[in-house]
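Novice: No sequence on hand, only this structure:
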């Protein structure tokens with residue numbers, strides 16, 4: 001038996017959207033773009049729905065319940081401290097969530113400029129129980145995990161050199177991913 005589609009909801013106006021937005025923000029922090037995406041199916045179609053959503057967002061900003069700057073700062077702090085992600089991974093995630101470039105740049109500068117990236121990568125390896133590689137295949141695997149976590153290749157090579165790996169495990173620095181990412 002196939003699943004039946006639920007009956008379409010009747011659109012709601014500004015008060016209903018405000019109540020829905022408050023409930024959504026009480027469950028999890030959200031960006032302005034994310035909140036608008038959630039409200040869109042519940043709003044009236046067309047221009048009236050856009051006006052209602054904009055009014056709700058403006059009211060939430062005035063009440064200080066919604067702030068992309070605060071979201072970016074909290075998100076960056078949580079990803080850096082709890083998950084050990086590097087600067088590039090957090091930058092990518094914030095951009096995908098719809099935070100503007102200036103806010104992302106300011107937030108990342110505040111969080112990562114004073115941090116030692118090699119030490120962050122070392123802590124990430126300890127937290128994720130990444131063993132010291134013994135051959136080139138394990139070295140490549142470790143490098144790929146650290147790159148996916150958002151660390152630069154410069155920091156990764158410094159970390160690998162600090163582990164005093166055997167000659168057979170070392171990958172030439174020019175052969176891997178380079179540090180030539182575009183800083184948008």
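Specialist: That came through fine. Only a predicted model underlies this, so the values are computations on that prediction, with no experimental measurement involved.

Novice: Buried residues in stretch 10-25, which are they?
Specialist: 12, 14, 16, 17, 18, 20, 21 (16 or more other CB atoms under 10 Å). C-beta here means a position set from N, CA and C on the backbone, and glycine is covered the same way.

Novice: most residues in a single helix of the chain, which one?
Specialist: As assigned by DSSP state H, the longest helix anywhere in the chain is helix 47-62.

Novice: Which residue ranges of this structure form helices?
Specialist: According to DSSP H, the helices that the chain contains are 14-27, 32-39, 47-62, 68-81, 87-96, 101-112, 117-127, 136-148, 153-162.

Novice: could you redo these as JSON lines and give each row distance to residue 6?
Specialist: Output for these, formatted as JSON lines (distance: least, CB to CB, whole Å):
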{"stretch": "helix 14-27", "distance to residue 6": "16"}
{"stretch": "helix 32-39", "distance to residue 6": "16"}
{"stretch": "helix 47-62", "distance to residue 6": "20"}
{"stretch": "helix 68-81", "distance to residue 6": "30"}
{"stretch": "helix 87-96", "distance to residue 6": "29"}
{"stretch": "helix 101-112", "distance to residue 6": "37"}
{"stretch": "helix 117-127", "distance to residue 6": "42"}
{"stretch": "helix 136-148", "distance to residue 6": "38"}
{"stretch": "helix 153-162", "distance to residue 6": "48"}
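
Novice: Just send those helices back as TSV, with mean pLDDT too.
Specialist: Shown next, in TSV, are the helices of the chain (pLDDT from 0 to 100):
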stretch	mean pLDDT
helix 14-27	95
helix 32-39	94
helix 47-62	95
helix 68-81	95
helix 87-96	95
helix 101-112	95
helix 117-127	93
helix 136-148	92
helix 153-162	89
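
Novice: Out of those helices, the one nearest residue 5 is which?
Specialist: Closest to residue 5 of these is helix 32-39 (CB to CB; 19.2 Å).

Novice: what does the closest one contact?
Specialist: Helix 32-39 is contacted from outside by 17, 20-21, 24-25, 30, 53, 56-57, 60-61, 66, 68, 97-98, using CB atoms under 8 Å, 6 or more residues apart in numbering.

Novice: That concludes my questions; thank you for your assistance.
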